[in-house]
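Engineer: Dropping a prediction and its sequence here:
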Amino acid sequence: MSELIAAPSDQVLRRLAAGTLLVAFQGTTAPDWVLHDLENGLGGVTLFGFNVADPAQLSALTSRLRDAGDPVISLDEEGGDVTRLAYHVGSPYPGNAALGAVDDVELTRRVYRSIGDDLARCGVNLDMAPSADVNTADDNPVIGTRSFGSDTALVSRHTVAAVHGLQSARVAACVKHFPGHGATRQDSHLEIPLVDASAELLRERELVPFRAAIEAGTMSIMTAHVRVPSVTGA
């Protein structure tokens with residue numbers, strides 16, 4: 001902190017701003033610019049399938065990143081359809097829809113604990129998971145099987161189990177996609193989907209799993225790329 005106080009104000013602002021960012025990069029080794037920025041306050045990185053060849057390579061990559069600072073190293077490891085560790089072969093873990101169908105919260109906790117163990121061994125300390133979306137749109141092109149289901153109480157209890165599983169492995173959970181992406185029919189990678197729900201319905205349905213996750217101690221929440229007119233007015 002003393003170094004920040006002594007630095008010119010523009011350097012202080014730059015370092016503070018950099019500390020809020022998780023950057024992405026191409027390839028399976030860390031570029032020089034990432035290492036340089038980590039040394040100068042960059043918050044961390046988010047990794048994708050193209051950054052991962054196998055566990056040994058990923059461990060070497062995250063070790064090199066930690067040599068340059070104390071970064072947050074994140075990726076999306078949900079099991080099922082969304083995986084980075086097993087990007088080239090497919091996840092060995094069931095996705096949320098399967099876990100919700102079985103409805104065994106201890107199984108969900110164990111699955112996410114195992115995912116957390118895999119991530120921790122590879123040097124990843126933040127998982128962009130689980131999805132806490134209540135999937136009420138059958139033709140939802142983005143969430144679908146990534147959701148535990150369409151029942152609010154079921155989604156809530158499995159979200160909590162997933163958070164407990166991940167964080168028991170000392171990997172931070174990032175519950176998504178706040179305030180809820182399950183009632184959408186547009187692909188958020190192509191446009192801004194509409195969540196056409198009243199504020200009352202949001203409180204009774206979409207927001208319940210997020211409230212449960214917060215009460216369970218989730219380390220972070222990811223916001224959705226959605227429009228919610230009942231909240232924002234547009």
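Structural biologist: It's in.
Engineer: So residue 188: helix, strand or coil?
Structural biologist: Here residue 188 is coil, with the state taken from DSSP: H, G, I helix; E, B strand; the rest coil.
Engineer: How about residue 20?
Structural biologist: coil.
Engineer: which residues in this structure form helices?
Structural biologist: For the chain, the helices defined by DSSP state H occupy 2-6, 9-18, 32-39, 55-67, 96-102, 105-121, 152-168, 199-204, 207-215, 229-232.
Engineer: export stretch 199-212 as CSV, just CAs?
Structural biologist: Once non-C-alpha atoms are left out, stretch 199-212 reads as follows in CSV (Å, rounded to 0.1, in the frame of the first residue of the first chain):
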residue,chain,number,x,y,z
ALA,A,199,-40.2,-7.7,-10.1
GLU,A,200,-42.5,-9.8,-8.0
LEU,A,201,-41.9,-12.9,-10.2
LEU,A,202,-38.1,-12.2,-10.1
ARG,A,203,-38.2,-12.2,-6.3
GLU,A,204,-40.2,-15.4,-6.2
ARG,A,205,-38.3,-17.3,-8.9
GLU,A,206,-35.1,-16.1,-10.5
LEU,A,207,-33.5,-14.4,-7.4
VAL,A,208,-34.2,-17.2,-4.9
PRO,A,209,-31.2,-19.5,-5.9
PHE,A,210,-28.9,-16.5,-5.8
ARG,A,211,-30.1,-15.5,-2.4
ALA,A,212,-29.5,-19.1,-1.3
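Engineer: And the average pLDDT for that stretch is what?
Structural biologist: Stretch 199-212 comes out with an average pLDDT of 97.
Engineer: Need the nearest residue in space to residue 74, chain neighbours excluded.
Structural biologist: Leaving aside its sequence neighbours, residue 74 sits nearest to residue 126 (Cβ to Cβ, 6 or more residues apart in numbering; 3.8 Å). Yep, even glycine has a C-beta here, placed from its N, CA and C like the rest.
Engineer: and what of residue 110?
Structural biologist: Leaving aside its chain neighbours, residue 110 sits nearest to residue 165 (6.6 Å; criterion: Cβ to Cβ, 6+ apart).
Engineer: you'd agree the one you found is up against residue 107?
Structural biologist: No - using Cβ atoms under 8 Å, residue 165 makes no contact with residue 107, being 9.9 Å away.
Engineer: quick one, which of those two is more surrounded?
Structural biologist: Higher neighbour count among residue 165 and residue 107: residue 165, with 25 against 16, using other Cβ atoms under 10 Å.
Engineer: dump the residue contacts of the more buried one.
Structural biologist: Neighbour list for residue 165: 108-116 [criterion: Cβ atoms under 8 Å, 6 or more residues apart in numbering].
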